[in-house]
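Student: Please work out how this folds:
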Amino acid sequence: MDPIILYGSPHSLYTGKTRSYLRKQGIAYVERAPDAHFRDVIVPTTGRVIIPVVALADGTILQDTVDILDHFERRGARVSAYPAGPRQRILAHIAELHAAVALTRHAMHYRWSYAGEQARFLHDAFARGSGDADAVMARMASYLPMLGVTPDTVPAIEQSYLALLDLLEGHFAAQPYLFGGQPSLGDYGLLGPLFAHLGRDPVPADIMKRRAPKVFRWVERMNAPDADMPEYGDRAPAFLPDDALAPTLAPLFRHMADELFPELADAAAMLARHVAATDPAEGAPVTDKAHRRVIGSVDTHFRGVPVKSGVQPYTFYLWQRVTDAFDALDAAAAASVRGWLDEVGLAPLLDTPRPIRVERRNLIEVWGRRL
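Tutor: Got it, this is the predicted structure:
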């Protein structure tokens with residue numbers, strides 16, 4: 001069988017997540033930078049210039065890491081990213097959500113706020129793509145205000161990153177992955193920002209290596225094609241049995257709760273206003289242009305610091321994966337999950353009202369049914 005084509009780049013956050021998954025699954029692939037075929041064939045299909053994109057041998061195009069991973073999971077993964085245990089499963093989805101909502105801010109800050117200190121590395125990375133590297137880099141840096149990266153928030157962002165490294169360092173001292181000896185959806189989600197930006201760019205990578213060597217080792221492990229955990233002795237390459245959770249996860253997910261709220265609640269309130277004002281039809285694209293990812297901004301707080309943050313419908317697409325998985329649980333499992341989430345401050349993920357679903361059809365986000 002011909003290998004699939006992964007269109008991506010080493011410095012792309014979500015390419016790192018997809019690449020890691022393909023390696024762990026033993027799926028043959030060839031990675032290519034966007035080229036003429038990408039421009040002439042792939043972009044007209046996706047409707048926007050975006051990576052990663054996976055092109056299958058039969059011509060099928062997959063875009064977005066959620067859709068890519070789910071495609072291969074449905075085919076039967078060698079090392080499934082979805083734990084069977086309800087608590088592990090829900091927390092894996094939450095880690096994926098946290099990586100996209102909170103850690104993107106950290107990743108983009110450390111890349112572009114320190115662009116001068118790592119200019120040669122970044123220019124080399126972006127010069128390998130198509131187009132004017134300086135123009136692309138300037139455009140990427142211009143997203144910082146939308147992500148809530150401002151002089152006022154930078155101290156909180158950096159303090160948050162150091163705290164996260166310390167919590168992950170403590171966890172990986174005893175566990176190879178989040179939930180034992182096998183990578184989960186949560187591991188793949190966290191790897192995106194913790195590899196492509198925070199684990200490769202010189203300034204944050206140096207911080208990681210000096211402060212949290214076990215986190216850096218996990219980054220290496222996630223990029224290996226096997227379990228790659230010799231330092232854990234005869235640990236089985238499997239999720240912890242009986243839906244067990246390592247004690248180090250409680251402070252880690254409490255940290256995630258502090259990062260996600262109140263921003264998610266404020267974003268949900270903004271979405272409700274947007275839906276009331278625009279009355280979107282079910283199936284309609286969430287924005288007027290496929291490349292546009294935000295529907296507006298909201299005044300919120302990040303760790304107590306006022307911030308204006310862009311509101312992306314894709315956030316709600318990831319959020320509802322948490323609640324969909326929870327709604328599928330039986331009563332006993334739901335009670336166990338809710339009790340644990342309540343202890344770490346994440347129960348608002350289950351209870352915060354949202355006015356509408358966000359779905360993906362034809363490779364873009366569209367409005368779903370009203371809630």
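
Student: what sits up against stretch 279-288?
Tutor: 293-295, 313, 356, 358, 361, 364-370 (C-beta atoms under 8 Å, 6 or more residues apart in numbering). (Glycine included, C-beta is placed from N, CA and C.)

Student: Next, the buried residues of that stretch.
Tutor: P280, P285, V286 (16 or more other C-beta atoms under 10 Å).

Student: Report how many residues lie close to the closest residue to R303 other than its chain neighbours.
Tutor: Counting by C-beta to C-beta, 6 or more residues apart in numbering, R303 lies nearest to A156, which is 4.4 Å off, once chain neighbours are set aside. The local packing of A156 (other C-beta atoms under 10 Å) involves 16 other residues.

Student: Would you check that A156 makes contact with E259?
Tutor: No: at 10.1 Å, A156 does not count as touching E259 under the criterion of C-beta atoms under 8 Å.

Student: Need the overlap of contacts for these two.
Tutor: Shared contacts of A156 and E259, counting by C-beta under 8 Å, 6+ apart, come down to F302, R303.

Student: Rounded mean pLDDT for the helix or strand hosting R139, please.
Tutor: Remark: R139 resides in helix 133-141, with elements defined by DSSP states H and E. For helix 133-141, the mean pLDDT works out to 91.

Student: how about that helix: buried residues?
Tutor: A133, M137, M140.

Student: which stretches of the stretch 51-200 of the chain form helices?
Tutor: Ranges of helices in the stretch 51-200 of the chain, per DSSP state H, counting those that start in this stretch, are 65-76, 86-98, 104-112, 119-127, 133-141, 154-172, 185-191.

Student: Out of those helices, which gets nearest to Y232?
Tutor: Judged by C-beta to C-beta, the one of those that comes nearest to Y232 is helix 154-172, at 9.8 Å.

Student: all strands of the stretch 201-350 of the chain, in order?
Tutor: In the stretch 201-350 of the chain, the segments counted as strands under DSSP state E, counting those that start in this stretch are 296-302, 305-311.

Student: Among those strands, show me which one is buried the most.
Tutor: Among these, strand 305-311 has the highest mean neighbour count (mean count of other C-beta atoms under 10 Å), at a mean of 18.

Student: So, low pLDDT: which residues of the stretch 1-150 of the chain?
Tutor: Counting by pLDDT under 70, the stretch 1-150 of the chain has low-confidence residues at 1, 129-131.

Student: swap the cut-off to 90 and go again
Tutor: Counting by pLDDT under 90, the ranges of the stretch 1-150 of the chain that qualify are 1-3, 127-134, 136.

Student: now do the same end-to-end measure for stretch 191-205.
Tutor: Start to finish, the residues bounding stretch 191-205 are 13 Å apart (C-alpha to C-alpha, to the nearest Å).

Student: Fine, thanks again, bye for now.
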